[in-house]
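Colleague: Okay, structure incoming, though there's no sequence with it:
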């Protein structure tokens with residue numbers, strides 16, 4: 001399969017938003033199901049694209065997945081510090097899993113990070129149960145950074161996100 005990674009177009013926002021939301025729902029990553037507020041964020045690709053770089057993986061005219069790349073601590077950064085870029089909301093359509101789409105998206109983010117002046121590292125947060133993503137990060141050389149693990153909703157849930165980094 002020939003996968004192309006490129007910036008998302010406005011015509012693809014709804015498709016990528018649904019792929020992202022469904023990936024999180026199908027994998028049981030949202031604690032409140034369809035009523036989860038984060039689901040709205042996952043579906044709102046237009047908002048992300050206005051504040052960060054949103055990339056899609058496309059093959060044979062079909063959007064297979066996407067990722068949000070936040071260069072140098074941009075407005076969508078959760079954990080990135082000075083000199084770091086962040087990867088967020090990596091999602092692959094269920095029908096495209098196991099075909100290298102997720103890895104291609106992460107590699108594209110690493111390539112972008114290398115072009116960002118002053119960027120020395122790429123960081124990301126993930127849930128403990130995202131085992132397929134963890135395997136991708138390990139294959140590409142990311143290492144765990146438990147000292148940076150964090151909870152985005154400390155008043156509501158025990159949801160500790162685990163973190164990884166890759167020094168460029």
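Modeller: Now that the structure is in, tell me what you want to look at. These numbers were taken from a predicted model, which means no experiment stands behind them.
Colleague: what ranges do the helices span in the chain?
Modeller: 13-26, 37-43, 45-51, 101-115, 131-139 (DSSP state H).
Colleague: so which of those gets nearest residue 1?
Modeller: Closest approach to residue 1 among the helices of the chain (C-beta to C-beta): helix 101-115, 8.6 Å. (Glycine included, C-beta is placed from N, CA and C.)
Colleague: so what secondary structure elements neighbour that closest one?
Modeller: Applying 3 or more C-beta pairs under 8 Å, 6 or more residues apart in numbering; DSSP states H and E, we find helix 101-115 packed against strand 4-7, strand 53-59, strand 62-70, strand 84-92, strand 121-126, helix 131-139.
Colleague: Sheet partners, orientation included, of the first one?
Modeller: Sheet pairing for strand 4-7, assigned by DSSP bridges, gives strand 53-59 (antiparallel).
Colleague: I'd like to check what contacts the partner strand. Which residues are they?
Modeller: With C-beta atoms under 8 Å, 6 or more residues apart in numbering as the test, strand 53-59 has contacts from 1-8, 12, 16, 45, 48, 63-71, 92, 96, 101, 104-105, 108-109, 112.
Colleague: got the contact list for residue 162?
Modeller: Residue 162 touches 125, 126, 127, 128, 144, 146, 149, counting by C-beta under 8 Å, 6+ apart.
Colleague: Take those residues and write them to JSON lines, including pLDDT and distance to residue 82.
Modeller: Listed next are these as JSON lines, based on pLDDT from 0 to 100; distance: C-beta to C-beta, whole Å:
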{"residue": "125", "pLDDT": "95", "distance to residue 82": "18"}
{"residue": "126", "pLDDT": "92", "distance to residue 82": "22"}
{"residue": "127", "pLDDT": "87", "distance to residue 82": "26"}
{"residue": "128", "pLDDT": "87", "distance to residue 82": "28"}
{"residue": "144", "pLDDT": "98", "distance to residue 82": "21"}
{"residue": "146", "pLDDT": "97", "distance to residue 82": "21"}
{"residue": "149", "pLDDT": "96", "distance to residue 82": "20"}
